[in-house]
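Asks: got a predicted structure plus its sequence, pasted below:
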Amino acid sequence: MNIPHLLLLSIFAILAVLPVRTGFAADQPNFVIIFTDDQGYGDVGCFGAEGYETPNLDQMAAEGRKFTNFYVSQAVCSASRVALLTGCYNVRVGIGGALNHRSKIGINAEEMTIGELVKQKGYATAAYGKWHLGYQKKFLPMQHGFDDYFGLPYSNDMWPYHPAYINMSDEDKKKKGFPDLPLISGNKVVNAAVTPEDQTHLTTWYTEHAVKFIEDHKNEPFLVYLAHSMPHVPLYVSDKFKGDSEQGTYGDVIQEIDWSVGQVLDTLKKNGLDDNTLVIFTSDNGPWLSYGNHAGSAGPFREGKGTTWEGGVREPCIMRWPGRIPAGTVCDELAATIDIFPTIAALADVPLPDRKIDGLDIRPLMFEEDAKTPHDAYYFYWGRELQAIRSGDWKLHFPHGYRSLTGEPGMDGVPNGYTQGRTGLALYNLKNDPGESTDVKDQHPDIVKKLQELAEEARKELGDSATKQQGAGIREPGRI
């Protein structure tokens, strides 16, 4: 046998033991988006967490890129999720707050979700975990571009055991409070009354579904949206992590989420999918500070969930794609969840929807060393009120009220109250003052004027309840 024949046989032998992927082109990468609930900026080891460890997330950062100026659309559940899934500021698509069992609205069928986006090119898609964009069937994931779904239709505290109703009778709980919490698979309720014991398994169940979906679809392009219910209160953790951290229950919960990330990454690696899969990890808003030791940390930032201060809207974000995203790097430029939609569209080579979106393609921020943010400005709404705007290192707050802790926070799952804070017009340089502690508007009137002009353009397009502007670009949510 001659040398060329021996070489060919060697090549065939090597190929025979490599993972095989068939049925799609090499330019169709996979996507995994891991979205946690109420996890603060300081709640990951490589972002400064203390009292617990996140080795898988830290390794993900070592193999990928940390984003230190990464924002959500609004610091509350439904608003944040609809922005991620549509690439729009939530005010544009008419979804705000945290939709509950009485809500008569949900995501509009006319809005393209990230699942429908990649469906244009034949992707297999799945959503596991918390949905929170309407609980009626017409609003659930299977009607909005996802082939499979397993999870809760809204927050895990929207049930009879909510702290606000803990002393009520069972009858009053269901009259005045929340009904039983359902667990849904596909479009069917598979558990009509989730129990505390069930909640201890949620992180594991969601992870198992995501891993199985990846295994089942390893030979075709896929997108997985893994939206954990934790660490939103009430906190629950499986026996394998209970009592595992110095910090207590909150740390245990984060360590289990970190385990989940490790399971996903190990599955990709085992199936030879690493070099063709973008994995994104981030959270929906900052920590729910009133819950004290059952809440996380906003790190160096001011306030938390439910505010437009940095602690409410700036989130930890890690992106990993071996061979594409430079390992062990950091991006300090502004990026946001609304940018994930158009960036995935570009990576999958699929067209954007006909209707306007707000996100921008951030591939340069992912792949290059010195790229600059594509955003001239980024807008921070609470409800329908424009409360702040950022451009470059500058952030201008407009006069508004905001919630702030009354005294010490709560303990062990029982929250303390909030009081109403108030800010006037205030300018901060986030590079020098990330904690938004020193108002410098008097020293920089030119910056204030520029940001006010940019804000007025936003009001014309997206509205502002404070100035009673409706916004020409606002669209209706879905309704029942």
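Replies: Cool, the structure landed.

Asks: use CA for all of it now, contacts and neighbours both
Replies: Noted.

Asks: tell me the domain ranges of the protein?
Replies: Here the domain parsing of the chain from automatic domain parsing is 26-376, 379-479.

Asks: okay if I get those domains as TSV plus mean neighbour count and mean pLDDT?
Replies: Formatted as TSV, these follow (neighbours: other C-alpha atoms under 10 Å; pLDDT from 0 to 100):
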stretch	mean neighbour count	mean pLDDT
domain 26-376	21	97
domain 379-479	17	97
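
Asks: could you work out the end-to-end span of stretch 85-95 for me?
Replies: 12 Å (C-alpha to C-alpha, to the nearest Å).

Asks: and for stretch 302-309?
Replies: With C-alpha to C-alpha as the measure, stretch 302-309 spans 6 Å from end to end.

Asks: now what about that stretch, what contacts it?
Replies: Contact partners of stretch 302-309, identified using C-alpha atoms under 8 Å, 6 or more residues apart in numbering, comprise 38, 40, 74-76, 285-289, 298, 301, 310-313, 380-382, 387-388, 402-404, 435-436.

Asks: quick one: the closest residue to Arg81 other than its chain neighbours and Leu84, what's the gap?
Replies: Here the nearest residue to Arg81 in space, its sequence neighbours aside, is Asp284; by C-alpha to C-alpha, 6 or more residues apart in numbering that works out to 6.8 Å. Asp284 is 9 Å from Leu84, where distance means C-alpha to C-alpha.

Asks: can you check Lys449 too?
Replies: According to C-alpha to C-alpha, Lys449 stands 30 Å off from Leu84.

Asks: can you check Leu140 too?
Replies: Leu140 sits 16 Å away from Leu84, going by C-alpha to C-alpha.

Asks: need the single longest helix in this protein, by residues.
Replies: Counting residues, the longest helix found in the chain (DSSP state H) is helix 249-270.

Asks: could you name the helices and strands sitting against the following helix or strand past it?
Replies: Of the helices and strands lying after helix 249-270 in sequence (DSSP states H and E), the nearest is strand 277-283. Helices and strands touching strand 277-283, by 3 or more C-alpha pairs under 8 Å, 6 or more residues apart in numbering; DSSP states H and E, are strand 30-36, strand 314-320.

Asks: ok, His294 touching Thr249?
Replies: Yes. In this structure His294 lies within contact range of Thr249 using C-alpha atoms under 8 Å: 6.9 Å.

Asks: so what sits against both of these two?
Replies: With C-alpha under 8 Å, 6+ apart, His294 and Thr249 have common neighbours Leu235.

Asks: sorry, back to before: just want the angle from the longest helix of the chain to strand 30-36.
Replies: Note on geometry: by axes from the mean of the first three to the mean of the last three C-alpha atoms, to 10 degrees, helix 249-270 and strand 30-36 are set 180 degrees apart in direction.

Asks: ok, and what's touching helix 249-270?
Replies: Under C-alpha under 8 Å, 6+ apart, the answer for helix 249-270 is 34, 43, 51-57, 203-204, 207, 210-211, 214-215, 228, 230-231, 235-238, 241-245, 274, 277, 293-296.

Asks: which residue ranges of the chain form helices?
Replies: Under DSSP H, the chain gives helices at 3-17, 55-62, 77-86, 114-119, 170-176, 196-199, 202-216, 249-270, 310-313, 340-348, 363-367, 445-462.

Asks: any chance of those in JSON lines, with distance to Leu223 too?
Replies: Converted to JSON lines, the helices of the chain look like this (distance: least, C-alpha to C-alpha, whole Å):
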{"stretch": "helix 3-17", "distance to Leu223": "26"}
{"stretch": "helix 55-62", "distance to Leu223": "18"}
{"stretch": "helix 77-86", "distance to Leu223": "12"}
{"stretch": "helix 114-119", "distance to Leu223": "7"}
{"stretch": "helix 170-176", "distance to Leu223": "37"}
{"stretch": "helix 196-199", "distance to Leu223": "25"}
{"stretch": "helix 202-216", "distance to Leu223": "9"}
{"stretch": "helix 249-270", "distance to Leu223": "13"}
{"stretch": "helix 310-313", "distance to Leu223": "25"}
{"stretch": "helix 340-348", "distance to Leu223": "10"}
{"stretch": "helix 363-367", "distance to Leu223": "18"}
{"stretch": "helix 445-462", "distance to Leu223": "30"}
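
Asks: noted, bye for now.
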